[in-house]
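1. dropping a prediction and its sequence here:
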Amino acid sequence: MGQSTFPVPSTGSSTSTVLPVNASSVILDGSLTSASTYTTTVNGNGGIAYLTATDNNVLFTIGGNNYSVIANSVVATTTTVGSSASVTVAVNPTPSSFTTTTLPTSLNWSSVAYGQISSTNYYVAVGIASSTGAYSNDGTTWATTTMPSSKNWQGIAFGNGYFVAVASVGTTGYAAYSTNATTWTASNMPSSSYWSQVAYGKISTTNYYVAVCASSLYGATTAGAYSTNGTSWTASTMPSSATWSAVGFYNGYFVATSNGSTNGAYSTNGTTWTASTLPSVSGWFGVAGGNSVYVAVQASSTTAGAYSTNGTSWTAMTMPSADTWASVVYGNGYFFTVAGFNSLSNVGAYSSNGTTWIGVKLPSFQAWYSVCYGNNAFVSVAQSSFNVGLVSYVNKMPVNFGIYNGPTTIN
């Protein structure tokens, strides 16, 4: 692991200088100084555990649950920690330091996705009214690709070795796929709708690519689509007629939101949908899941946001500023969103729990339209007829951490 500092656990003080209240003993005590992750097993007392960090932020994964711990703070686990519990400690700084990048051409870049093919990292971007696409192995240096035709490529997703893109066109339902991130093959959607977004998820042993759409630029429809191979598509029916604008997958649920209404939807099989209700009428253009919560953001220049703990019912939350939040993604223990739908903005925001948010300034005013996460980087592209992008790398060391036994009962 390249671990250069990791003392033997003891009952003494932790390497982390933040000591929790009512801790009975040290379970784990150490530092990440050369490796960004460390995995082991620990023996808790069957109660909760207190997690601490100093210098930089830490993402703890204990028993399959993620806990983001800000430097110089203490977080208690929500479940008990018994004997032989699996623990992973990883660096987890906030996505708050950004660098602008240069895309290969000036374009209204509409969507970006991350995927790994044959151990090679790829960020792939598509744009509006063009046959040009782009790819990057590191999020900073980009090269041009060629889409099957000049379309309004609106959404892109990766899963099971396939990048899949959908287009908003008024005559032929259009999609494309790539198995190497550089060359593309055309495929057809089941109807001539304005396909807005696509998401990938695996349910049981079946791969699903799910797309949502509008009947026209802002028209309502019940049309949807799914694919189990990324190349051929089947029609599905949404639970209500709406301008379906975003779709995401997490924890066995596809979740969709709409523009200009409270209509939401969820699916546990990728093919049939059930209605849900968003807390306000907004332009819900981004949805993502992670850390046991789903988050929806809107591009209506308000502070309105929404979260769900089950993918089926939603609760209102407040974003840090009234901006046109256009896209949201989860990665490395954080939700991250960018603003700039149909307007220029230098605003982003991040959250470790999906409900409370901290605003950050981006390095330039752009119509930041889409963001993805992969290989320790948040990458965003702008829909503003420029060749500009954004990257935020998240590995940052050293990390000093401690895990302590807490009470054996949870109040």
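-> Arrived safely, thanks for sending.
2. pull out the buried positions in the helix or strand harbouring A90.
-> Following DSSP states H and E, the helix or strand that holds A90 is strand 85-91. Using 16 or more other CB atoms under 10 Å as the test for burial, strand 85-91 gives 85, 87, 89-91. C-beta: built from backbone N, CA, C; applies to glycine.
3. now do that strand: distance to the chain's middle.
-> In terms of CA atoms, centre = their mean, to the nearest Å, the centre of strand 85-91 is found 21 Å from the chain centre.
4. likewise stretch 35-47?
-> On CA atoms, centre = their mean, the centre of stretch 35-47 falls 26 Å from the chain's centre.
5. for that stretch, buried residues please.
-> Quick answer for stretch 35-47 (16+ other CB under 10 Å): 36-38, 42, 44-45, 47.
6. now do stretch 280-289: everything it contacts.
-> Residues from elsewhere that reach stretch 280-289 (CB atoms under 8 Å, 6 or more residues apart in numbering): 245-251, 253, 255-262, 264, 278, 294-300, 302, 304, 306, 311, 316, 324-330, 335, 337, 341.
7. measure stretch 263-277 end to end?
-> Terminal residues of stretch 263-277 are spaced 5 Å apart (CA to CA, to the nearest Å).
8. which other residues reach that stretch?
-> 201, 203, 206, 208, 210, 224, 226, 234, 236-240, 242, 244, 252-258, 262, 278, 284, 296, 308, 311-314.
9. surely F401 meets I27?
-> No - between F401 and I27 there is no contact under CB atoms under 8 Å: 10.9 Å.
10. V381: what's it in contact with?
-> By CB under 8 Å, 6+ apart, the residues touching V381 are 103, 109-112, 125, 368-370, 389-390.
11. please redo it, this time with the cut-off set to 7 Å
-> By CB atoms under 7 Å, 6 or more residues apart in numbering, V381 lies in contact with 103, 109, 112, 125, 369-370, 389.
12. what is the neighbour count of N263?
-> Neighbourhood size, N263 [other CB atoms under 10 Å]: 23.
13. what helix or strand does it sit in?
-> Using DSSP H and E, N263 sits within strand 253-267.
14. ok, now V198?
-> Going by DSSP H and E, V198 is in strand 194-203.
15. just the buried ones from the contacts of stretch 280-289?
-> 245-250, 253, 255-262, 264, 278, 294-300, 302, 304, 306, 311, 324-330, 335, 337, 341.
16. could you check the pLDDT of K202?
-> pLDDT for K202: 97.
17. so what's the residue count around it?
-> For K202, using other CB under 10 Å, the count is 13.
18. now S96
-> 16.
19. now do N376
-> For N376, the neighbour count with other CB under 10 Å is 17.
20. confirm for me that it is in contact with V394.
-> Yes - using CB atoms under 7 Å, N376 is in contact with V394, at 5.1 Å.
21. any shared contact partners between the two?
-> N332.
22. where does the stretch 151-300 of the chain dip in pLDDT?
-> 170-173 (pLDDT under 70).
23. what are the ranges of the strands in it?
-> For the stretch 151-300 of the chain, the strands defined by DSSP state E, counting those that start in this stretch occupy 153-159, 162-167, 174-178, 185-188, 194-203, 206-214, 221-227, 234-250, 253-267, 274-290, 293-298.
24. and A275, how far is that from W195?
-> 21 Å (CB to CB, to the nearest Å).
25. neighbour-wise, which of those two wins?
-> Neighbours per residue (other CB under 10 Å) separate A275 from W195, with W195 holding more: 30 against 13.
26. look up the residues forming beta bridges with the more buried one.
-> W195 has these beta-bridge partners by DSSP bridges: C213.
27. what's the answer for the one 5 residues further on, then?
-> Beta-bridge pairing of Y200 under DSSP bridges involves Y209.
28. quick one, what contacts it?
-> 157-159, 209, 249.
29. so how far is T271 from it?
-> 14 Å.
30. all strands of the stretch 301-411 of the chain, in order?
-> Counting by DSSP E, counting those that start in this stretch, the strands of the stretch 301-411 of the chain are 302-308, 315-323, 325-331, 334-339, 345-351, 358-366, 368-374, 377-393, 399-405.
31. in the chain, which residue is most central in space?
-> In the chain, the C-alpha nearest the mean C-alpha coordinate belongs to V329, at 2.2 Å (CA atoms, centre = their mean).
32. now the strand holding N263 against strand 234-250, angle please.
-> For strand 253-267 against strand 234-250, the angle by axes from the mean of the first three to the mean of the last three CA atoms, to 10 degrees is 130 degrees.
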